[in-house]
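Enquirer: Quick one: sequence and predicted model below, then my questions.
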Amino acid sequence: MMNRDEIAERLAASGYIADGELATAISLMQLLRRPLLLEGEAGVGKTGVAKALASVHATELIRLQCYEGLDQSAALYEWNYQRQLLSIQAHRGDDADAVEDQIFSEKYLLERPLLAAIRRDQPPVLLIDEIDRADDEFEAFLLELLSDFQVSIPELGTIAATAIPHVVLTSNGTRELSDALRRRCLYHYVDYPDADREARIIMARIDGASTSLSLQIARMVESIRKEELRKVPGVAETLDWAAALVGLDIRDLHQAPETVHDTLMCLLKTHEDKTRVTREVTERLLGKVA
Amino acid sequence: MSCCGTAPDFNDVDEASRLVSAKLAAFLKTLRDNGYAVGLGEGQDAAALMAAGYVARPGLLRSAFKHLFSARKSDWERFDGIFDAFWLGKRVRSRSVTMGSTKSANNPSLKNLPNNQPKSNAEEETGMDQVPSGEDAPRDRAGEGRLEGASRADNLAEIDFRKLADPEQIEEAHAAAARLAKVMRTRLTRRDLARRRGYRLDLRRTIHGNISHGGVPITLVRRRRKAKPLRLVMLLDASGSMSMYTGVFLRFIHGVLDEFREAEAFLFHTRLAHVSDAMKERDAARALDRLSIMAQGAGGGTKIGESLQTFNRWHAARVIHSRTCVMIVSDGYETGDAALLGREMAALGRRCRRVVWLNPMMAWEGYTPVAAGIQAALPHVDLYAPANTLKSLTALEPYLADL
C-alpha cells in the first residue's frame, strides 16, 4: 500500500496538478476501501482525477458514463443473443439440456463496464461518471454492487470480484443523490483551481506557454469566474483559451487587449455571457491582472 | 489529553486509547448536532484512521476526517471550522451554530426588523427592490439550510401575508410550500413510470426487424411514446405590489427547482432575471441570498410586457419544449405598455403547451381583473387561478399531471 507522500509524488509525475487534499483522499480509498465521490461544477477536472488515479496505480481505467435510462444490460452484462441463436441452430438435434448449459456459459456473456471491473486480475479504476444522471433505481442497484462486489446472474450463478476495483463516482449535482450512497463514499469537493495551480496546469498542458503568460491567463480567468455568468468557464476552457493565445503569438495580455477580448469566445459559451462581458468589462478585468 | 498531535505520554496504552475514543465519540456527536449524517461505519473507520497513525498529524487527520464525514458540499465547507473548534480549541465560528438556536436568535429581531437587521433577515424582504450589500453570504450558512431559510423568509411574510401573522405559522407555510413541490414531483414522476411499464410489443416491426434472424424474434420492438418529462417554467413577479407573496413563492420555486429535473425560474420586476442557477443552491438561505444580488436595480413599477419580451426573445427557444407549462405569478399591475403585454402573451401562448397565470389577489374580496395589464393578458391564458393559499397551490397538481 502506498503512503500519502508517494501518492502525491506519483500524481505529480502523471501530470495531474492536484490540490493538496486529493492525495489524502486517494490514500484513504486504499485504507478504508471506500469509493470516492467527487462533486464540483462542470469543467473542474473531476474525470481527470480518475485518469490520474489510474496512472498512480498504473492500472486500467474502466469508465461507465451514466445517463437517464441506463439499465443493467448496458452497465453490467448482456447475453450475446445472436451467438446463442447460431449455437442453437448448429446443435439442432442435440440434447436440449446440454445445449442450454452451453449457451448460458461465460463464453456467451457480454461484459459491460461494471462486470468487467470486478473480473480483472489487477484491480482497475472504475469511473462511474455523472451518477446523478442515472435513475434512482440504478443508484440503488449500484449501492448493492459497491458493498458486496459480486454480481448474480440468474442463469449462471454468482460472480464474485477477483479484485476490488478503485471506484470513483462523479456528480454534477443535477439531482440530489441518496444519503445511502453518500454515506458509503468518501467525499471530495473539487473546486476551481486557484490562479497559481491553474497557471501550473496551463504550463503542463500547453507547449510554449511561458510562466508569466500562464499566470496572467489564470488570473484573468479567475476574475472572469467572479462575474455573474450563466456558464462559468472550466479548466478545459482555460486551456482552449491559453492555446488560442499562444497560437496567436501573444506574450503579454496587456499588449493586445483587442485580441484578448476577441478570443474570449473560448471562455464564454452563451449569448448572454458574451453580451455581458463587453469591451469595457474586459478592460476592467485586464486592469486587475498584474 | 493528547489528541492534538503530541505523542501520548501515557504508560497505560489502554487508558490513552480509551480517552481517544471517548473524545472521538464526542466529536461524532458534535458532527451529528451540526447535521452531518454520521453512522457506526464512519465511527469505526475514524477509529481505524486514528489507530493508523493519523493522530500524530492534525492537518492530515482533519483532511482525512473531512473526506470521511462529509457527504455534500455544505458539509465539506463547514468541516474545517468545526474540526478546529473541537480538536484544536479555536473559537467556534458563528456558522457552526447548533440547530435550534436559530429560532430564538431570530425572535428579538422580529419586532424591530426593518431598521435593526438590515443585513440578514430584512434583506430578503427588501432585497427584491433594493441594492443589497452582498457581503453576508458566509453568515447565511448558520444552521442548517431548510430551517434557516424558513425563519429568514418569515420576516418577509410577516409584514403582510394577509391572514398569516404569527411567525411560526408563516414558517410552517413556507416549509409546506417547499414540501408541496417535493410531493408534486414524486407524484408526477410516478405517473410517468406507470405509463412507461405499460408499453406493448409492436408486432409488425418486431417481425420485420427479425427477418434476418430467420424470423426468430430476438430483438423486440415496443410501441412507445417518447415521453418528455414535464417541464415547469416559472416567472415570478417580484415587484413591490407583490412583496407579501414573493416569500412563499420563492420557497415554492426553490422546492420545484430542487425536485423537478426540468424546471426553470425567472424573476421580473422592471427587467427579467434568469434565476435557475441561483435557486438550485441546495441551501435555501444561500439561494435567496444569491438571488437578492441578482435582482438588484429594481425601480418602482412592473414591466411585465417588456420582461416577457426579453423572455420570448432570449430564453423561450431554449427553455420551452412541447411539454412545458409556463407559470406566471403576478398581480398583473402593469406600469408599462399593456398592448405590448398582450402581444407577448399571445406569442408565449403559441409557443408552449399551457400558460398558467396565478394571481394571489384574485381571492381578495371584491377584486376584479380590471387592470389594463391583466385585461390584455387574460385572453391568452389557459388557466387563471388564485394562489394565495397552499391549498390553491396544491389544487394545481392534477392540472399539471394532465399535460
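Expert: Cool, the structure landed. Numbers count the residues shown, from 1 in each chain, chains lettered A, B, ... in the order given.
Enquirer: now the strands for chain B?
Expert: For chain B, the strands defined by DSSP state E cover B:231-237, B:263-268, B:272-274, B:324-329, B:354-358, B:383-385.
Enquirer: now the angle between strand B:354-358 and the first one, please.
Expert: When you say that, I think you mean strand B:231-237. 30 degrees (axes from the mean of the first three to the mean of the last three Cα atoms, to 10 degrees).
Enquirer: just checking, what packs against strand B:231-237?
Expert: helix B:243-259, strand B:263-268, helix B:304-310, strand B:324-329 (3 or more Cβ pairs under 8 Å, 6 or more residues apart in numbering or on different chains; DSSP states H and E). All C-beta atoms are positioned from the backbone trio N, CA, C, and that covers glycine.
Enquirer: Going by mean pLDDT, which of the ones you listed comes out lowest?
Expert: Among the helices and strands packed on strand B:231-237, helix B:243-259 has the lowest mean pLDDT, at a mean of 75.
Enquirer: State the distance from the closest residue to residue A:134 other than its chain neighbours to residue A:178.
Expert: Distances taken as Cβ to Cβ, 6 or more residues apart in numbering or on different chains place residue A:66 nearest to residue A:134, at 3.9 Å, with adjacent residues excluded. Distance of residue A:66 to residue A:178, computed by Cβ to Cβ, to the nearest Å: 14 Å.
Enquirer: higher neighbour count, these two?
Expert: Remark: of residue A:66 and residue A:178, residue A:66 carries more neighbours, 22 against 13, as counted by other Cβ atoms under 10 Å in any protein chain shown.
Enquirer: list the contacts for that one?
Expert: The contact partners of residue A:66, taken as Cβ atoms under 8 Å, 6 or more residues apart in numbering or on different chains, are A:128, A:129, A:130, A:131, A:132, A:133, A:134, A:138.
Enquirer: Nearest to residue A:35, out of the residues you listed: which one, please.
Expert: When these are ranked by distance to residue A:35 (Cβ to Cβ), residue A:128 comes first, at 8.3 Å.
Enquirer: Quick check: which element contains the closest one?
Expert: strand A:125-129 (DSSP states H and E).
Enquirer: Tell me which strands that strand pairs with, and in which orientation.
Expert: strand A:61-65 (parallel), strand A:166-171 (parallel) (DSSP bridges).
Enquirer: what's the most buried one of these?
Expert: strand A:166-171 (a mean of 25; mean count of other Cβ atoms under 10 Å in any protein chain shown).
Enquirer: circling back to that earlier point, possible to save the helices and strands packed on strand B:231-237 as JSON lines with mean neighbour count and distance to residue A:192?
Expert: Formatted as JSON lines, these follow (neighbours: other Cβ atoms under 10 Å in any protein chain shown; distance: least, Cβ to Cβ, whole Å):
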{"stretch": "helix B:243-259", "mean neighbour count": "25", "distance to residue A:192": "23"}
{"stretch": "strand B:263-268", "mean neighbour count": "25", "distance to residue A:192": "25"}
{"stretch": "helix B:304-310", "mean neighbour count": "23", "distance to residue A:192": "30"}
{"stretch": "strand B:324-329", "mean neighbour count": "24", "distance to residue A:192": "33"}
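Enquirer: Residue B:380 and residue B:348 touch, don't they?
Expert: Yes - assessed by Cβ atoms under 8 Å, residue B:380 is found in contact with residue B:348 at 7.1 Å.
Enquirer: For the closest residue to residue A:8 other than its chain neighbours, which residues are in contact?
Expert: The shortest distance from residue A:8 to any residue other than its chain neighbours is 4.0 Å, reached at residue A:23 (Cβ to Cβ, 6+ apart). Counting by Cβ under 8 Å, 6+ apart, residue A:23 touches A:4, A:5, A:7, A:8, A:11.
Enquirer: Give me the buried entries from those residues.
Expert: A:4, A:7, A:8, A:11 (16 or more other Cβ atoms under 10 Å in any protein chain shown).
Enquirer: Tell me the one of those nearest chain B?
Expert: residue A:4 (7.2 Å; Cβ to the nearest Cβ).
Enquirer: okay, the residue lying closest to the closest one once chain neighbours are set aside: pLDDT?
Expert: Nearest residue to residue A:4 in three dimensions, chain neighbours excluded: residue A:27, at 4.5 Å (Cβ to Cβ, 6+ apart). pLDDT recorded at residue A:27 is 88.
Enquirer: just checking, residue A:27 is part of a helix?
Expert: Yes - under DSSP: H, G, I helix; E, B strand; the rest coil, residue A:27 falls within a helix.
Enquirer: Out of the helices and strands packed on strand B:231-237, which is closest to residue A:272?
Expert: helix B:304-310 (10.6 Å).
Enquirer: tell me the contacts of the residue in the stretch 101-250 of chain B positioned nearest to chain A?
Expert: At 5.1 Å from chain A, residue B:218 is the closest residue in the stretch 101-250 of chain B, using Cβ to the nearest Cβ. Going by Cβ under 8 Å, 6+ apart, residue B:218 touches A:81, A:82, A:85, B:210.
Enquirer: Residue B:88 reaches residue B:59, doesn't it?
Expert: No - Residue B:88 lies out of contact with residue B:59 (Cβ under 8 Å); the separation is 10.1 Å.
Enquirer: Pull up the gap between residue A:92 and chain B, please.
Expert: 12 Å (Cβ to the nearest Cβ, to the nearest Å).
Enquirer: still on that earlier bit, export the strands of chain B to a markdown table and append columns for distance to residue A:244.
Expert: What follows is the strands of chain B, written out as a markdown table (distance: least, Cβ to Cβ, whole Å):
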| stretch | distance to residue A:244 |
| --- | --- |
| strand B:231-237 | 36 |
| strand B:263-268 | 32 |
| strand B:272-274 | 28 |
| strand B:324-329 | 37 |
| strand B:354-358 | 44 |
| strand B:383-385 | 50 |
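Enquirer: how about the ones you listed, which one is nearest residue A:271?
Expert: Closest among the strands of chain B, once you apply Cβ to Cβ, is strand B:272-274, at 12.0 Å.
Enquirer: pLDDT weak spots in the stretch 51-200 of chain B?
Expert: B:90-200 (pLDDT under 70).
Enquirer: Get me the contact residues on it for chain A.
Expert: Within the stretch 51-200 of chain B, the positions lying close to chain A (Cβ under 8 Å from any Cβ of the partner chain) are B:52, B:60, B:63-64, B:66-68, B:70-73, B:75-77.
Enquirer: shared neighbours of residue B:380 and residue B:348, anything?
Expert: Joint contacts of residue B:380 and residue B:348 (Cβ under 8 Å, 6+ apart) are residue B:355.
Enquirer: Of those two, give the one with the bigger neighbour count.
Expert: Using other Cβ under 10 Å, the more surrounded residue of residue B:380 and residue B:348 is residue B:348, with 23 against 18.
Enquirer: Check the secondary structure at residue A:16 for me.
Expert: Under three-state DSSP, residue A:16 comes out as coil.
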